[in-house]
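Novice: Need coordinates for the below:
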Amino acid sequence: MTIATFSRTLARLPHLETFLAEPIKHLWLAEAFAIKHMQAVAGWGFRPSTRIPQYIAKRAKLPFLRLEDGFLRSYAPGRAYASISMVVDREGIYYAADQPSALESLLASNTNILEGAGRDYDLAKEQIIAEGLSKYNHAPDIPLLPTKGAASRILVVDQTRGDASVAHGMASAATFTEMYKRALNDNPRATIYIKTHPQVSSGEKKGYLSDVRTGGRTVLLREPASAKSLLTQMDKVYVVTSQLGFEALLYDRPVFCFGMPWYAGWGLTQDALRCSRRSKQRTVDELFAAAYMHYTRYINPQTGLPGTIFDAINWLSYQRKMHHSHKGRTIAVGYRRWKAENIRPFLGNNGKRIHFARNADDASRLAPTEEDRVLVWGSKIPEAIETLVQTHNCKLVRMEDGFIRSVGLGSDFIPPAALVFDSRGLYFDPRTPSDLEIFLNTHEFSDEELDRARAVQGLIVTHGLTKYNVEPNSPISWAKSESRVLLVPGQVEDDASIRYGCTNIRTNLQLLETVRTNHPNAFIVYKPHPDVVANNRNGHLHSREALKFADIIEDSASIVSCIEAADEIHTMTSLSGFDGLLRNKDVTTYGLPFYAGWGLTQDQAKFPRPRRKLHLHELIAGALLYYPVYYDTALNGYTTCEGALCKIIRDRNRLLAKGQLTSVRQTHWRRQWIKVALWAKAGFLVTR
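Specialist: Numbers count the residues shown, from 1 in each chain. Purely as a prediction, here's the structure:
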């Protein structure tokens with residue numbers, strides 16, 4: 001059955017159908033008659049826009065589902081950050097004390113909340129406290145707050161004006177003024193800290209206590225602060241209906257409630273109001289288990305499938321770790337506007353610490369310090385950048401695309417799902433050691449890491465993934481050849497990996513000629529590089545020249561289909577060699593790619609530095625699990641290799657279902673016809 005909604009915005013929420021466990025269909029009010037075929041109607045909380053849909057559902061005798069963000073929502077507030085948890089309530093909604101909700105009914109019942117869905121409450125609560133997680137998790141930890149002539153600190157929590165939880169929590173604007181006065185009067189020697197809401201701090205909204213005069217014993221905390229670093233410094237916490245009040249209970253702080261939030265009335269808070277429906281005594285553990293584990297639904301951000309609270313905890317903890325991993329500024333030099341926009345999410349969410357400079361002179365004006373990093377693309381570092389780094393003693397970091405990049409070509413401006421940040425060199429430049437080479441040479445891999453590597457290999461092979469994933473995989477006729485099939489993937493001939501990692505053999509034609517000389521009886525397949533086929537990069541080889549040494553030129557089947565049909569892969573430095581290893585193919589290299597030299601390939605070139613012997617899953621773990629940084633644009637957050645692969649699989653399957661995943665050659669000719677059409681219309685040639 002399908003759930004109807006009359007909100008287009010709600011219908012477009014990421015993973016909504018996963019949260020509801022049913023398909024969702026957006027209806028216009030004029031289509032209200034269609035709800036007779038629906039299972040229920042959904043709306044967002046108690047927004048005014050839900051009144052008519054609720055009336056329609058009531059007339060049709062259908063349940064009305066009120067939706068709200070969960071208590072572990074996202075890394076940061078706002079629509080840009082999708083929620084990884086949601087509550088679905090058929091009775092009301094948790095923050096509305098003026099009527100029952102499913103959460104309130106659960107707490108008021110005789111149910112053993114610490115069993116069933118809540119049985120792992122102690123582990124979940126322990127992890128949330130240890131990681132310092134909250135509804136939003138972007139705020140940094142704050143240092144010790146000063147006190148003004150007193151040892152105690154009192155926290156007064158402000159909220160955003162118009163917050164539905166205020167009116168439905170039996171409070172008003174006057175309640176905030178009363179709360180502030182009570183905090184002053186009840187604690188005459190304490191310092192009163194008023195904490196603004198994150199969306200007030202960012203300037204998106206206005207708070208109830210935003211205009212309170214500071215000075216004396218009152219301090220207004222406008223800057224973002226993590227809940228843990230704030231609450232653990234406080235002696236008491238005063239709230240109206242803020243969720244921060246319950247989080248204070250988790251840290252064993254006394255909480256005074258002036259409205260009626262969901263956690264008030266159960267004997268744990270000192271309440272200015274009373275709710276007759278809440279007469280049962282509950283513990284903090286029971287409130288936590290009821291709200292966070294029974295009442296809230298989660299997705300697994302890695303897979304997009306239904307998840308658990310532990311999936312949310314792990315993902316949010318990872319966001320905090322990644323966003324706070326670099327303390328100084330990032331100064332990215334020489335990036336075009338389109339590339340700057342593509343890489344910006346990978347640099348963290350603090351815009352004040354991210355700068356894009358046109359050249360070394362612009363970067364120098366920012367006065368870099370030793371805490372800052374200068375970010376450049378590729379391994380070729382201009383002399384002016386090297387001088388800048390030496391002069392200011394800052395850190396130089398090189399950036400490149402990851403090994404599983406996207407569904408689409410980078411040269412077509414498709415944003416990446418993975419980038420590598422290397423402080424020593426880059427994986428494709430063997431002239432100097434890279435972070436990847438050092439890691440592979442020194443890291444002792446655990447059983448857990450190797451198990452993850454096997455799982456990643458399985459995902460890649462099962463779903464036919466590679467770097468760009470632009471072509472559909474299909475059976476190949478030449479796969480039935482009686483001779484041993486050798487695949488020779490073409491490369492972009494001015495690519496840095498060839499300039500720096502090849503010696504005698506540096507062109508596609510030289511490679512083909514060498515392979516034919518060494519294997520005169522083999523069936524040789526030449527697969528041109530997709531960027532070359534799309535006329536975006538150098539390396540075109542005329543078919544007449546290629547067929548002197550190759551038996552066939554494959555320009556329609558995907559590279560994955562070719563690898564799977566071949567017996568061996570012969571390459572200069574192409575990533576296709578790594579793809580071949582993932583599929584247990586014999587691989588011969590004629591240059592110095594990152595995956596050669598570890599005892600897994602037949603190498604025709606000698607490396608300048610010794611490399612130890614590795615098992616395949618050790619190479620996979622280093623190259624895919626740890627070296628790249630992955631980002632999920634749908635959730636607007638960092639992810640793992642497994643998460644990035646799952647998203648690429650979903651994106652690719654969606655394009656396949658729509659018939660929009662075509663061969664590179666078809667894409668190229670479609671682009672050319674568009675150019676011709678624009679030229680005919682505008683009277684001049686429009687170039688990319």
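
Novice: Quick check, residue 388 in contact with residue 374.
Specialist: Yes - the criterion here is C-beta atoms under 8 Å, and residue 388 meets it with residue 374 at 6.5 Å. (C-beta placed from N, C-alpha, C; glycine too.)

Novice: Verify the stated contact: residue 551 with residue 519.
Specialist: No - between residue 551 and residue 519 there is no contact under C-beta under 8 Å: 11.2 Å.

Novice: what about the helices in the stretch 501-650 of the chain?
Specialist: 508-518, 530-533, 543-546, 559-565, 576-582, 616-620, 641-657 (DSSP state H, counting those that start in this stretch).

Novice: I'd like those helices laid out as a markdown table, including mean neighbour count.
Specialist: A markdown table is the format used below for the helices of the stretch 501-650 of the chain (neighbours: other C-beta atoms under 10 Å):
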| stretch | mean neighbour count |
| --- | --- |
| helix 508-518 | 19 |
| helix 530-533 | 23 |
| helix 543-546 | 13 |
| helix 559-565 | 23 |
| helix 576-582 | 26 |
| helix 616-620 | 21 |
| helix 641-657 | 19 |
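
Novice: Can you pull the domain assignment for this structure?
Specialist: Per automatic domain parsing, the domain ranges recorded for the chain read 3-108, 121-299, 328-397, 442-664.

Novice: tell me the mean pLDDT over the last one?
Specialist: It refers to domain 442-664. Averaged across domain 442-664, pLDDT comes to 90.

Novice: and if you look at the first one?
Specialist: Throughout domain 3-108, pLDDT has a mean value of 95.

Novice: Repeat that for stretch 192-203.
Specialist: For stretch 192-203, mean pLDDT is 83.

Novice: got it, and stretch 230-242?
Specialist: Stretch 230-242 comes out with an average pLDDT of 97.

Novice: that older thread, export the helices of the stretch 501-650 of the chain to TSV and append columns for distance to residue 425.
Specialist: Shown next, in TSV, are the helices of the stretch 501-650 of the chain (distance: least, C-beta to C-beta, whole Å):
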stretch	distance to residue 425
helix 508-518	25
helix 530-533	23
helix 543-546	33
helix 559-565	26
helix 576-582	18
helix 616-620	18
helix 641-657	22
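
Novice: closest to residue 109 out of these?
Specialist: helix 641-657 (37.4 Å; C-beta to C-beta).

Novice: Could you name the helices and strands sitting against the closest one?
Specialist: helix 447-462, strand 628-632 (3 or more C-beta pairs under 8 Å, 6 or more residues apart in numbering; DSSP states H and E).

Novice: And the ones you listed: which comes nearest residue 436?
Specialist: Closest to residue 436 of these is strand 628-632 (C-beta to C-beta; 9.4 Å).

Novice: can you give me the offset of the closest one from its chain's centre?
Specialist: From the chain centre to the centre of strand 628-632 is a distance of 7 Å (C-alpha atoms, centre = their mean, to the nearest Å).

Novice: how much does it deviate in direction from helix 641-657?
Specialist: Inter-element angle recorded for strand 628-632 and helix 641-657: 50 degrees (by axes from the mean of the first three to the mean of the last three C-alpha atoms, to 10 degrees).

Novice: counting contacts, what elements does strand 628-632 pack onto?
Specialist: Counting contacts by 3+ C-beta pairs under 8 Å, 6+ apart, strand 628-632 is packed against strand 418-422, strand 637-639, helix 641-657.

Novice: Include distance to residue 245 when you put those into CSV, please.
Specialist: Formatted as CSV, the helices and strands packed on strand 628-632 follow (distance: least, C-beta to C-beta, whole Å):
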stretch, distance to residue 245
strand 418-422, 40
strand 637-639, 27
helix 641-657, 33
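
Novice: Select, out of the ones you listed, the one closest to residue 234.
Specialist: Here strand 637-639 is closest among these (C-beta to C-beta), at 29.2 Å.

Novice: chain center to that closest one: distance?
Specialist: With C-alpha atoms, centre = their mean, you get 2 Å for strand 637-639.

Novice: Can you add distance to residue 431 and give the domains of the chain back as TSV?
Specialist: Putting the domains of the chain into TSV (distance: least, C-beta to C-beta, whole Å) gives the following:
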stretch	distance to residue 431
domain 3-108	38
domain 121-299	39
domain 328-397	8
domain 442-664	6
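
Novice: Now do the strands in the stretch 51-200 of the chain.
Specialist: For the stretch 51-200 of the chain, the strands defined by DSSP state E, counting those that start in this stretch occupy 64-69, 85-89, 153-157, 191-195.

Novice: Could you point out which of those sits nearest residue 46?
Specialist: The minimum distance between residue 46 and those falls on strand 64-69, with 7.2 Å, by C-beta to C-beta.

Novice: Can you tell me which of the helices and strands packed on strand 628-632 is nearest to residue 183?
Specialist: The closest of the helices and strands packed on strand 628-632 to residue 183 is strand 637-639. By C-beta to C-beta, the value is 36.0 Å.

Novice: Can you list the strands that the closest one pairs with?
Specialist: According to DSSP bridges, strand 637-639 forms sheet pairs with strand 628-632 (antiparallel).

Novice: in stretch 16-35, what's buried?
Specialist: The neighbour-count check on stretch 16-35 (16 or more other C-beta atoms under 10 Å) flags 16, 18-20, 22, 24, 27, 32, 35 as buried.

Novice: start to end distance for it?
Specialist: Distance between the two ends of stretch 16-35: 19 Å, counting by C-alpha to C-alpha, to the nearest Å.

Novice: how distant is that stretch from the center of its chain?
Specialist: Averaging C-alpha positions (C-alpha atoms, centre = their mean) puts stretch 16-35 27 Å from its chain's average.

Novice: re earlier: out of the domains of the chain, flag the one nearest residue 316.
Specialist: Nearest to residue 316, of these and by C-beta to C-beta, is domain 121-299 at 5.1 Å.

Novice: ok so, going back, out of the helices of the stretch 501-650 of the chain, which gets nearest to residue 212?
Specialist: helix 641-657 (42.9 Å).

Novice: Kindly export that closest one (C-alpha atoms) in CSV.
Specialist: C-alpha atoms of helix 641-657 as CSV (Å, rounded to 0.1, in the frame of the first residue of the first chain):
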residue,chain,number,x,y,z
CYS,A,641,34.1,3.2,1.1
GLU,A,642,31.2,0.9,1.7
GLY,A,643,28.8,3.8,1.9
ALA,A,644,30.2,5.4,-1.3
LEU,A,645,29.9,2.2,-3.2
CYS,A,646,26.3,1.7,-2.1
LYS,A,647,25.4,5.2,-3.2
ILE,A,648,27.1,4.7,-6.6
ILE,A,649,25.2,1.4,-7.0
ARG,A,650,21.9,3.2,-6.3
ASP,A,651,22.7,6.1,-8.6
ARG,A,652,23.8,3.7,-11.4
ASN,A,653,20.8,1.5,-11.1
ARG,A,654,18.5,4.5,-11.2
LEU,A,655,20.1,5.7,-14.4
LEU,A,656,19.9,2.2,-15.8
ALA,A,657,16.2,2.0,-15.0
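
Novice: Quick one: work out the angle between that helix and helix 447-462.
Specialist: Using the same axes, to 10 degrees, the direction of helix 641-657 lies 10 degrees away from that of helix 447-462.

Novice: now the angle from helix 641-657 to strand 418-422?
Specialist: 150 degrees.

Novice: Excluding its own residues, what touches helix 641-657? List them.
Specialist: 301-304, 404, 406-407, 417-418, 452, 455-456, 459-460, 463, 465, 469, 472, 624-625, 628, 630-632, 634, 639, 661 (C-beta atoms under 8 Å, 6 or more residues apart in numbering).

Novice: Please, a PyMOL command that selects the buried ones among those?
Specialist: Only the buried entries of the contacts of helix 641-657 go into this PyMOL selection, using 16+ other C-beta under 10 Å:
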select buried, resi 301+302+303+304+404+406+407+417+418+452+456+459+460+463+465+469+472+624+625+628+630+631+632+639+661
